[in-house]
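Engineer: Here you go, sequence then predicted model.
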Amino acid sequence: MLRIALQSKGRLNEKSIELLSEAGIGIEESNRRLLSKASNFPVEILYLRDDDIPQTVSCGIADVGIVGYNEVLERDYPVEVFQHLEFGKCRLSLAVPKYIEYTGPEFFEGKKVATSYPGILRAYFGRLNINCEIREITGSVEISPSIGLADGIFDIVSSGGTLVQNGLAEVETVMESDAVLIGTPGLDGEKMQTVRTLMSRFTSVLRSRGKKYLLVNVPNDKIDEALKIIPSMKSPTLLPLADKGWSAIHAVIDESEVWDKADRLKQIGAEDILVLSMEKLII
Ligand code: PRT
Ligand code: ZN
């Protein structure tokens, strides 16, 4: 039985459960206690605050966990980073009051910066040889400059709206983050096998996101042109139609390219273009 630590509430909770569910691991809503079993896969779920997940995984109380990469770097416990999961995307940036004429990181020499991520920031300034006083605070970092607590801040940025509302300008991006699957170093063979199955299911789920299944009928003398328009993941499927002289092409394409490819296919004489949602793409 593999024990997975998830954030109990907060930004990563829902998306973590959604990813597990799309990977075929069901957790009933009513079942979400501190520790609960999944219905159809050998895992149990431990719900924790995100701050506690790296340590819990590092010491083996949970075998794996899903947490922001920023927390993994900040806490700095020995854990394996198995997989980036492409949700909870954000960046950790330095920001200063917008009226400041910022010229570069040396601005921070001898200054004070407020943050909840002192470890990552200390390492950054260390790499640049900049002496800056780091003031660790746990919440509302963005108001620190306006109350005279610091000259700048180092915090998570997503849309940038919070910085703008507080009269701050983002000046340096120190790291990019997303949710990651982490694990206890040196998991035994059986647990590692379950982790591999889990990762391969996650990969399938992540790859099928944003993809569509395209079916299109093309005159046979236009197949080569059509195949140039629809490069597929491998070779697209080509099937002869009952109507001689025509074939059907099936392919998986990015959702963002659907309209462009459909327009170009119509221009070369393709007909009956069907675009379907893709349930799963198992690799
Ligand atoms: O209760 P618990 O301790 O478990 O949760 P928490 O309150 O410490 O964390 P939570 O749920 O806020 O965030 C969990 C993780 O989500 C973070 O560690 C990041 O990896 C990721 N994440 C992604 C974010 C954001 N986007 C985000 N926008 N975490 C926080 N924010 C906050 C940020 O702190 C700032 O106040 O949103 C604000 C900025 O957002 P914008 O859109 O205005 O730029
Ligand atoms: Zn937290």
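Structural biologist: Great, that's in hand. Ligands and ions are numbered 1, 2, ... in the order given.
Engineer: ok, A262 touching V275?
Structural biologist: Yes - using C-beta atoms under 8 Å, A262 is in contact with V275, at 7.3 Å. Every residue, glycine included, has its C-beta placed from N, CA and C.
Engineer: any idea how this protein splits into domains?
Structural biologist: 2-88+178-207, 90-177, 210-277 (automatic domain parsing).
Engineer: what's the closest of the ones you listed to I283?
Structural biologist: Closest approach to I283 among the domains of the chain is made by domain 2-88+178-207 (5.2 Å; C-beta to C-beta).
Engineer: ok, back up a step: could the domains of the chain be laid out in JSON lines, adding mean pLDDT?
Structural biologist: Below are the domains of the chain laid out as JSON lines (pLDDT from 0 to 100):
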{"stretch": "domain 2-88+178-207", "mean pLDDT": "94"}
{"stretch": "domain 90-177", "mean pLDDT": "97"}
{"stretch": "domain 210-277", "mean pLDDT": "91"}
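Engineer: right, so of these, which gets closest to ligand 2?
Structural biologist: domain 2-88+178-207 (4.2 Å; C-beta to the ion).
Engineer: and K212, what does it touch?
Structural biologist: By C-beta atoms under 8 Å, 6 or more residues apart in numbering, the contact set of K212 is V252, I253, D254, E255, V258, V275, L276, S277, M278.
Engineer: Go again with 10 Å.
Structural biologist: By C-beta atoms under 10 Å, 6 or more residues apart in numbering, the contact set of K212 is 251-258, 261, 274-278.
Engineer: Just the buried residues of the helix or strand containing L198, please?
Structural biologist: Element membership of L198 [criterion: DSSP states H and E] is helix 189-208. Using 16 or more other C-beta atoms under 10 Å as the test for burial, helix 189-208 gives K191, T194, V195, L198, M199, R201, F202, S204, V205, L206, R207, S208.
Engineer: Paired strands for the helix or strand just after that helix, with orientation please.
Structural biologist: Downstream of helix 189-208, the first helix or strand assigned by DSSP H and E is strand 211-219. Within its sheet, strand 211-219 is paired with strand 246-254 (antiparallel), strand 271-277 (antiparallel), according to DSSP bridges.
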